[in-house]
Every structure is written in structure tokens, then in C-alpha cells.
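Asker: The sequence and its predicted three-dimensional model are supplied below.
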Amino acid sequence: MKYQKTIQLKDGRVCTLRSGAESDGQALLELFLLTHAQTDYLLSYPDEVTFTAEQETQFLKEKAESENEIEILAELDGTLIGSAGVFRVGTAEKVRHRAGFGISVDKAYWGLGVGRALTEACIECARAAGYTQLELEAVAENESALKLYESVGFVEYGRNPKGFRSRASGWQPLVLMRLDLEGENNMESIIRPEREADHGAVENLIRESFWNVYHPGCSEHYVIHVLRDDPAFVKALDFVMERDGKLIGQNMFMRTVIEADDGSTVPVLTMGPICITPELKRQGYGKKLLDYSLEQAAALGFGAVLFEGNIDFYGKSGFTYARKFGIRYHDLPEGADDSFFLCRELIPGYLDGVTGVYQTPQGYYVSDADVEAFDQAFPPKEKLRLPGQIFD
């Protein structure tokens, strides 16, 4: 495949994006060694490289002659400063629609728009080659890269908790992402992991969503503030939903246990707070976020989720009354209404033969005084006593 385009970097310099040529073999090898020494987020280390400049030359020759693969180089003042490629996942009929994507940029040129330009060029070429899905894997810690990929439409669909094993930091989770190139399945919203930079906005979103719902004011925004530092908090299952660059929803999970009647403890998850911004409620966003979150929890091997919620909504995502599994809510008197206490098995049969008492993680219990103090950092809102509130 062939590609040629001139772009202006953020500092005003003009950069050329072009498909690689045989004459670029040595320069591309040198760029590969340089970039892979600059960051711990790429696949290999420079000392693992066994291919030669001649082999790189052959690689570029094959890409230039290919109808469905390409290696695009970013060149500035005669020097290669980045490269990115589109490669087919396989030739079998069932996977011909899928392409992979990889990129690296010289650290000296980070932040100038090179990465975005190369990414967009590869998307353009993948679509032109007839692929309908473009895929990548990125280290979860590489937040700037994830933000870039999300901004051009990639959506996270799973995680590999032990995708990389770094010499410096040990296990590195990989985020698995895909971009629908056909467009018909592109979501107007995306779901991604919460980042530290999101904390304030998420807490404000939760406050707006829960204010005066269950009691005058709310405490849920302080609860998540506390839970993020709790050992039971599952960081890999802490999600936000965005639409048009704005946070519109969130969900998170905590580890807890069932204290079984036979004296054992059964590990389970609980969930929430979960919310969608008030103006977008009852439009399907909540179920989309919930279903995605549960899929990810199941993929990580968790067996069941128990929490307090409305069966009319959560029943649509597979929840039922916890009493059907023989699980009782702690501190609830015998015979009291337990219709709020819901359960869903993520592993079929996980709770077979289990009876016992569910324990809410202690982090959910916060004092009114602490909530009031935390709330002072937010814009003033009136606390109202409204019909339907279940707490004083």
C-alpha cells in the first residue's frame, strides 16, 4: 500500500507521513532500537532484536507491494521520528475483516501530534484496505496513549491482567481495544477505565445523580472518594462512560465475602455506586454500562455479584433476588423485606450449595459529619425531603 501526506506539528514544523520504502531499512531499524529503549510500554527490548537492516528492507518492500498491509513513516527534516503499521490478523475467512495496529514515536517528539497523525493515517489505510475492525493492545499504565486511542474511536473490550512482564515493574496489564471501521456499530458513547484525573468530575457526577434521591442530599460521592483507597477496591473494574468527551456515567466494584453457614467464606463482588447523568437516564446508557462492567468482571474470573438495587432495572441484566441462592443480607431481621438484595452469578453454579450471610464492605459506612465536611468543596445544593426517599 502507498500513503503520502504532509502535516503541521504543534510547534509549526512540517512533517511528512509516507509509506516506507526499501531505502528506509537501516533508518527504520535505528528508530526501532531508539524508541524501544525509551519506554517500557512497547513489546520488546532493544537487546532482543535479532533482525537486520536487510531484513527491515525486505519487510518494507513487502509492505509497499501489499494490497492490505502498510508501514507508515513520519519524517521530519530527513529524519525518521515515528512509524506505525497496519497488519492483517490472519488469512482465514473468519478473520479477514480484522487488522492489527502498532505504533512508536521518538520520545523527543512526543506531544507534537505525531502519534495522532500516524494513528489517523493507519485508520484511513485500514478502511481503504477493506478491513472492518482495527485492533490494538496497550499497557494500562500508558494513559496518554489510551486517551489518544479513545479520542479516535477505539473502545476497550477487555483486559489481559498479565499481558506483559516488565523487567522493571513486573506484570503489566494490557488493555484490548477495537475500532469498528464500518461505522454502523460505532457507539455514541465509550466506556473506559477511570483515571486519577477523572476523580473530581466523577464525584461531581455521582453527587448530581444521587442528590435528594434516597435522602436529603447524598453521601455516594464521598463513598467513592473513600473506596478508591480501600484494599477491597477492584481498580480493574472501575469504569466511566463518556459521550462527546463528557463524562456521563460510572460504575465500580468491591471485593467482599459471604460468610457461609458451614463456616467457610465465599469470595464475591459487590457493586456501586453506579450512575448515569440525570439528563440521560432511561435512554439505555445505564444498561450498556452495567452489562459491559459485568462482562469484564466475569472475564477476570469473579464468581458472583451481590448488591442492593431495584429488580425492575437490574433484572434485565440477569440479577435476581439473592434469597433464591440461599444468601441472606447481614443485619436484616428474619421475615423483613429483602427484595432490594440482588444477586447474579458470573460463573454458572458458583453459589451451588452455598447458604450464608452477605457482608457489606466496611468502606461503605461513612459518617454524616465526614460527608458534610467533604461536601463543602462542591457547589451549594439544597437538601430536600421528597416523596419516595427511603432514609431520613
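Answerer: Looks like it arrived, so ask away.
Asker: Which secondary structure elements does the host helix or strand of Tyr292 sit against?
Answerer: According to DSSP states H and E, Tyr292 maps onto helix 285-299. Helix 285-299 sits against strand 155-166, strand 189-193, strand 239-243, strand 246-251, strand 275-276, helix 311-314, with contacts defined as 3 or more CB pairs under 8 Å, 6 or more residues apart in numbering; DSSP states H and E. For every residue, glycine as well, the C-beta is placed using N, CA and C.
Asker: List the buried residues in the fourth one.
Answerer: I take that to be strand 246-251. Residues 247-251 are the ones in strand 246-251 that count as buried (16 or more other CB atoms under 10 Å).
Asker: what distance separates the following helix or strand past that strand from the centre of its chain?
Answerer: Per DSSP H and E, the first helix or strand lying C-terminal to strand 246-251 is strand 253-260. Centroid separation for strand 253-260 versus its chain: 24 Å, with CA atoms, centre = their mean, to the nearest Å.
Asker: Could you do stretch 302-310 as well?
Answerer: The mean C-alpha position of stretch 302-310 is separated from the chain mean by 21 Å, CA atoms, centre = their mean.
Asker: contacting residues around that stretch?
Answerer: 253, 256, 258, 266-272, 294, 297, 319, 322, 325, 327, 340-347, 350-351, 358 (CB atoms under 8 Å, 6 or more residues apart in numbering).
Asker: Kindly recompute the last result at 6 Å.
Answerer: With contact meaning CB atoms under 6 Å, 6 or more residues apart in numbering, stretch 302-310 is reached by 268-272, 322, 340, 342-347, 350-351, 358.
Asker: For the stretch 1-150 of the chain, just list every one of the strands.
Answerer: 4-8, 14-19, 70-76, 79-88, 98-105, 133-139 (DSSP state E, counting those that start in this stretch).
Asker: To Lys287, which of the ones you listed lies closest?
Answerer: strand 133-139 (23.8 Å; CB to CB).
Asker: Dump the C-alpha coordinates for the one helix or strand Ala373 maps to into PDB.
Answerer: Element membership for Ala373, per DSSP H and E: helix 368-375. Only the C-alpha atoms of helix 368-375 are listed here, as PDB (Å, rounded to 0.1, in the frame of the first residue of the first chain):
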ATOM      1  CA  ASP A 368     -22.600  12.100  58.300                       C
ATOM      2  CA  ALA A 369     -20.000  14.500  59.700                       C
ATOM      3  CA  ASP A 370     -17.400  13.300  57.200                       C
ATOM      4  CA  VAL A 371     -19.800  13.600  54.300                       C
ATOM      5  CA  GLU A 372     -20.800  17.100  55.300                       C
ATOM      6  CA  ALA A 373     -17.200  18.200  55.500                       C
ATOM      7  CA  PHE A 374     -16.400  16.600  52.200                       C
ATOM      8  CA  ASP A 375     -19.400  18.200  50.500                       C
END
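Asker: mind checking how far it is from the chain centre?
Answerer: 30 Å.
Asker: average model confidence for it?
Answerer: For helix 368-375, mean pLDDT rounds to 97.
Asker: quick one: contacts of it?
Answerer: With CB under 6 Å, 6+ apart as the criterion, helix 368-375 contacts 219, 222.
Asker: which one of the helices and strands packed on helix 285-299 is the most hemmed in?
Answerer: strand 275-276 (a mean of 24; mean count of other CB atoms under 10 Å).
Asker: Same list as before, the helices and strands packed on helix 285-299 that is, but in CSV and with mean pLDDT included.
Answerer: Converted to CSV, the helices and strands packed on helix 285-299 look like this (pLDDT from 0 to 100):
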stretch, mean pLDDT
strand 155-166, 94
strand 189-193, 86
strand 239-243, 92
strand 246-251, 95
strand 275-276, 96
helix 311-314, 92
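Asker: Tell me which of those lies nearest to Glu182.
Answerer: The nearest among the helices and strands packed on helix 285-299, by CB to CB, is strand 155-166 at 13.6 Å.
Asker: which neighbours does the helix or strand following that closest one have in its sheet, and in what orientation?
Answerer: Using DSSP H and E, the helix or strand that follows strand 155-166 in sequence is strand 170-180. Strand pairing for strand 170-180, using DSSP bridges, gives strand 133-139 (antiparallel), strand 155-166 (antiparallel).
Asker: Using CSV, write out the CA atom coordinates for the longest one.
Answerer: Backbone C-alpha positions of strand 155-166 (Å, rounded to 0.1, in the frame of the first residue of the first chain) are rendered in CSV as follows:
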residue,chain,number,x,y,z
VAL,A,155,-13.3,1.1,22.5
GLU,A,156,-11.9,-1.1,25.3
TYR,A,157,-13.4,-4.7,25.1
GLY,A,158,-11.3,-6.5,27.7
ARG,A,159,-8.0,-6.7,29.6
ASN,A,160,-5.2,-9.2,30.0
PRO,A,161,-4.0,-8.8,33.6
LYS,A,162,-0.6,-10.4,32.8
GLY,A,163,-0.2,-9.3,29.2
PHE,A,164,3.4,-8.1,29.6
ARG,A,165,6.1,-9.0,32.2
SER,A,166,8.4,-6.0,32.5
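Asker: neighbouring contacts of it?
Answerer: Counting by CB under 6 Å, 6+ apart, 40, 171-178, 190, 192, 299 sit against strand 155-166.
Asker: Since that was my last question, I'll sign off now.
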